[in-house]
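Asker: The following comprises the amino acid sequence and a computationally predicted model.
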Amino acid sequence: MVRGGVVGGVALGEAVLCALFGCSMQNPLWNEGSGGGSGSSMGITLGVTDVSASESGTETTVDGTESATGSSGTTSTEPTTGGGSEGGTTGSTGLSATDTMTMTGTSEGTTTDTDTDTDTDTDTDTDTGTGTDTDGLECACADVEVLLSDGIFLISDDAVLWKYRPVDDEFIELGGLDCEGLSSTFSMAVDRSGYAWVMFDEPIPGTLRKVDVNDPSSCVDPGYFPGQLGVSRFGMAFTSADIDNPCETLYGNTYNGGVPFEGPGAGSLVSVDSLSLALSLVGPTTFNGAELTGTGDGRLYLFGASQEGALYEVDKTTGAYLEKLPLPPLAPTNAFAFAFFAGDFYFFTESEGPGSKSKVTHFDYDGDKMLTTVIDKAPMRVVGAGVSTCVPND
């Protein structure tokens, strides 16, 4: 997402007025539990501690008690661009039945009734790669050319879709969006069918489009109406129902367009109905401006626009925080995004201040809880990251 309408480091519209004259920090969606924040200025990101000290990367423990400097893998300032043919998973056959009735007349006027009943059951299990067995029924991962399970999809501030592959720190440019002139990208989520759901900031805040990851020039209007329940924009992600049910729901954390801030009831967790695309309130959060990422086993995580970085696991039924992990060296910047991938997290924040290209920071969530800068400067400024729930959970 892009905080405060910042494009190229310039604050626009409401964010400027709020910074100069002050804004109400009350979240109108919640009558109870909403409170104030002091309202941060747009210079909030200038004092960010950069954990990258050299091309070899810097590792920092999340509690700040120890640190280590060493090799962090390949650091690339000129990542590979280009495409490639990639395969996917296959589906399975379901139940089939054949009923045949034959009537035969004879010369004696008698009738022979032959009833042939053939009932064939074919049940083939499909492993989607998420550790979840869909039994061939629904919500299986799409068999698409651009694999959904081996990387993180990124949307840049100039409306180009990319793919980042953590296994080799490679960036692949998939192509520019062609959404009838829409270019002010705000956030993105990727579903199991191979579509990137991209939210735009203008001309109507919260405009949503579906983009085919195999052909980013293919852009369709899914029928979502922005402004529902007074919500304009939200950082968003898909997450599965649970470990046994891969069917997914789109969730978001609201952003009202003013100065991003943190405080009780500052934002709301919302969900989008998969059929009607109707927006529902789930519960209050403490962030006006945050991004989300989800997993194939039903977990939902938040990275918020606070003075200091922190990772939260969120209860997707209430919005309550189940876990908080402070990440002091990783405060969000004006443009930021993050994604879960194979048990770990990858954060995309500006490398040198507002308007700069993004750096990539790896958080070893299922291991030693170390932060490592793996890319000092990516080939784009990332405003949204989407990971399919087809990605393995560990």
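Answerer: In hand now; what should we look at?

Asker: Output the lowest mean pLDDT helix or strand found in the protein.
Answerer: The weakest-scoring helix or strand in the chain, judged by mean pLDDT, DSSP states H and E, is strand 96-105 (a mean of 34).

Asker: Three-state assignment for Val270, please.
Answerer: Of the three states, Val270 takes strand according to DSSP: H, G, I helix; E, B strand; the rest coil.

Asker: which residues sit in contact with it?
Answerer: Contact analysis of Val270 by C-beta atoms under 8 Å, 6 or more residues apart in numbering lists Leu229, Val231, Phe234, Tyr251, Gly252, Asn253, Thr254, Leu279, Ser280, Leu281, Val282. (Each C-beta comes from the backbone N, C-alpha and C, glycine too.)

Asker: go with 7 Å
Answerer: Val231, Phe234, Tyr251, Gly252, Thr254, Leu279, Ser280, Leu281, Val282 (C-beta atoms under 7 Å, 6 or more residues apart in numbering).

Asker: ok, how many other residues are close to the fifth one?
Answerer: Look at Thr254: counted by other C-beta atoms under 10 Å, it has 28 neighbours.

Asker: Thought Ala266 was touching it, still the case?
Answerer: No. Between Thr254 and Ala266 there is no contact under C-beta atoms under 7 Å: 8.9 Å.

Asker: low-scoring pLDDT stretches of the stretch 51-200 of the chain, where are they?
Answerer: Scanning the stretch 51-200 of the chain for pLDDT under 70 picks out 51-137.

Asker: one more time with 80, if that's ok
Answerer: In the prediction, the stretch 51-200 of the chain carries residues with pLDDT under 80 at positions 51-138.

Asker: The stretch 201-350 of the chain now?
Answerer: 258-260, 305-307.

Asker: where exactly do the strands run in it?
Answerer: Ranges of strands in the stretch 201-350 of the chain, per DSSP state E, counting those that start in this stretch, are 207-212, 215-220, 233-242, 245-255, 261-272, 279-288, 290-294, 300-304, 309-314, 321-327, 336-341, 344-350.

Asker: so which of these is the most packed in?
Answerer: Among the strands of the stretch 201-350 of the chain, strand 290-294 has the highest mean neighbour count (mean count of other C-beta atoms under 10 Å), at a mean of 29.

Asker: Show the secondary-structure elements that that strand is packed against.
Answerer: Judged by 3 or more C-beta pairs under 7 Å, 6 or more residues apart in numbering; DSSP states H and E, the packing partners of strand 290-294 are strand 233-242, strand 245-255, strand 300-304, strand 336-341.

Asker: what angle sits between it and strand 344-350?
Answerer: Inter-element angle recorded for strand 290-294 and strand 344-350: 150 degrees (by axes from the mean of the first three to the mean of the last three C-alpha atoms, to 10 degrees).

Asker: Tell me the strands beside strand 290-294, with direction?
Answerer: Based on DSSP bridges, the pairing partners of strand 290-294 within the sheet are strand 300-304 (antiparallel).
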